[in-house]
Structures are given as C-alpha cells and as structure tokens.
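Novice: Predicted coordinates and the sequence they were generated for:
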Amino acid sequence: DTGVSQDPRHKITKRGQNVTFRCDPISEHNRLYWYRQTLGQGPEFLTYFQNEAQLEKSRLLSDRFSAERPKGSFSTLEIQRTEQGDSAMYLCASSGSGTLSTDTQYFGPGTRLTVL
Amino acid sequence: AQSVTQLGSHVSVSEGALVLLRCNYSSSVPPYLFWYVQYPNQGLQLLLKYTSAATLVKGINGFEAEFKKSETSFHLTKPSAHMSDAAEYFCAVTEGTGGFKTIFGAGTRLFVKA
C-alpha cells in the first residue's frame, strides 16, 4: 500500500491556460473523490467516481472543470481557461469497495494550483 | 442539505491540558460523522468516525468524540494535549443512507503551548 499519490504537487499557471492534475488511488480502492481546499477552509466536495463511473458532481464543478477515470484506476482533473479564483489546493481521496459511506477516505498530499 | 459548523477557528491549550474541539452538524437523515487531522504539508488523516453504533467513539492518538443527537453535536476531546497534537482538525458529515458526498467544516487550528 503506497497510499494515494497526486501529480504535480505544485502548479503555477497564467490565467487562461488549461491545467490537468493526476491522482493515483490506492490500488484496490474503487471509489475516488476530488475536493478543493482554499486557505482557511475545509475541503469542498467536487466529484466522486465508483470505478469509471462519475456518480456525483458538485455545482462547484463548473463547465470549465472536467474529471475522468477512464479505466477505473487513476483519475485526471482538468481545468480549462483558468481564473485566479481557481487558485487552491486540489485534493484526491480514495476508499474501498464497501457498500456504506462509512468507508474511510484516504487522502493524497494534494496539488497546489496558483493562477497568476 | 447537510452542513457542519466548527466553533472556533483557533484553539490554544497548554501541554497536558484538556483538548475540546467543537462540531455541530445539520442533516435531514441519520448522519455518519468524521474527524480528520491535517498536519502541515501532509494530507488529511482520519482520526475517528461515528457510524451509528456506539455513541462514544475512540480514535487514534488518544482522541475520542461523542455523538449527541439531541444536541446535534460531535465534539472531539483528548484528556491531555501533547505538543505533537498541534494541527488543523476538520469535522465532516456524510449521509447515513448511502450517499458518498462528504461535507467538511471550516476547520479548527489547535495550538499547544509548552
């Protein structure tokens, strides 16, 4: 068990550029979550996948945001036409295949995005 | 809609003193409740969770929390603070009916004085 990994750890981009983040969950986990955390706030739910299916999306996830998990393993989160308000820490978490929402979510270290 | 309120964005205690971090929730269905800790430059780590079994939940590092339905609270306590407990603590709630969307509170930063 190597834990949840995220790449890159830091990303600096200019306003209007597109960025893509990657998350590799714990290998046997079939649920994967994306959160956004801004300074002084708790993580905000963005979306989650069960295997390759995206089952829930927050209204925070505007049409500039898209997430995929094509083979039910790693996931990518893309932000198009970045805005300064997108600057935040993007967190990924994964959990096991239990049927209850009590499954422990294991978090990655996050990707810190800075939009200039 | 579910929500979580953490009272006090900053809490300061002396080493050896009681730690009390407050969390109140709002949920239209029976909730599942969690406490996470975030150390500087590290990912969130689960401390403990309430899943409708025992109302007093014991977690790692000597922390525990009690679910009080009548007060809609899930406060986190530790009898004796240690310097290593200094971190950010988040209370979170998910629907107890199978939903996986997790709502986090704004967090409470714990400072431990020597």
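Specialist: Done, it's in.

Novice: ok, and does the helix or strand bottoming out on mean pLDDT in chain A reach over to chain B?
Specialist: None of the helices or strands of chain A scores lower by mean pLDDT, DSSP states H and E than strand A:53-57, at a mean of 86. Yes. Using Cβ under 8 Å from any Cβ of the partner chain, strand A:53-57 reaches chain B at A:55, A:56. All C-beta atoms are positioned from the backbone trio N, CA, C, and that covers glycine.

Novice: Can you report how many residues lie near the closest residue to chain A within chain B?
Specialist: Among the residues of chain B, residue B:104 lies closest to chain A, at 3.3 Å counting by Cβ to the nearest Cβ. Using other Cβ atoms under 10 Å in any protein chain shown, residue B:104 is surrounded by 21 other residues.

Novice: where's it relative to residue A:18, distance?
Specialist: Counting by Cβ to Cβ, to the nearest Å, the gap from residue B:104 to residue A:18 is 27 Å.

Novice: what's the nearest residue to the residue of chain B closest to chain A if we skip its chain neighbours?
Specialist: Closest residue to residue B:104 apart from its sequence neighbours, by Cβ to Cβ, 6 or more residues apart in numbering or on different chains: residue A:42 at 3.3 Å.

Novice: three-state assignment of that neighbour?
Specialist: Three-state call for residue A:42 (DSSP: H, G, I helix; E, B strand; the rest coil): coil.

Novice: The residue most central in space within chain B: which element?
Specialist: The residue lying closest to the centre of chain B (Cα atoms, centre = their mean) is residue B:35, at 3.5 Å. Secondary structure assignment for residue B:35, by DSSP states H and E: strand B:31-38.

Novice: Show me what that strand pairs with in its sheet, parallel or antiparallel.
Specialist: Strand B:31-38 has its sheet partners listed here by DSSP bridges as strand B:44-50 (antiparallel), strand B:87-95 (antiparallel).

Novice: and these as TSV, adding mean neighbour count, distance to residue B:11 and mean pLDDT?
Specialist: What follows is those, written out as TSV (neighbours: other Cβ atoms under 10 Å in any protein chain shown; distance: least, Cβ to Cβ, whole Å; pLDDT from 0 to 100):
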stretch	mean neighbour count	distance to residue B:11	mean pLDDT
strand B:44-50	20	15	92
strand B:87-95	23	9	91
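
Novice: which residues touch the strand holding residue B:35?
Specialist: Residues outside strand B:31-38 that contact it (Cβ atoms under 8 Å, 6 or more residues apart in numbering or on different chains): A:100-102, A:107, B:2, B:21, B:23, B:25, B:44-52, B:59, B:63, B:65, B:67, B:74, B:76, B:87-96, B:102, B:104, B:107.
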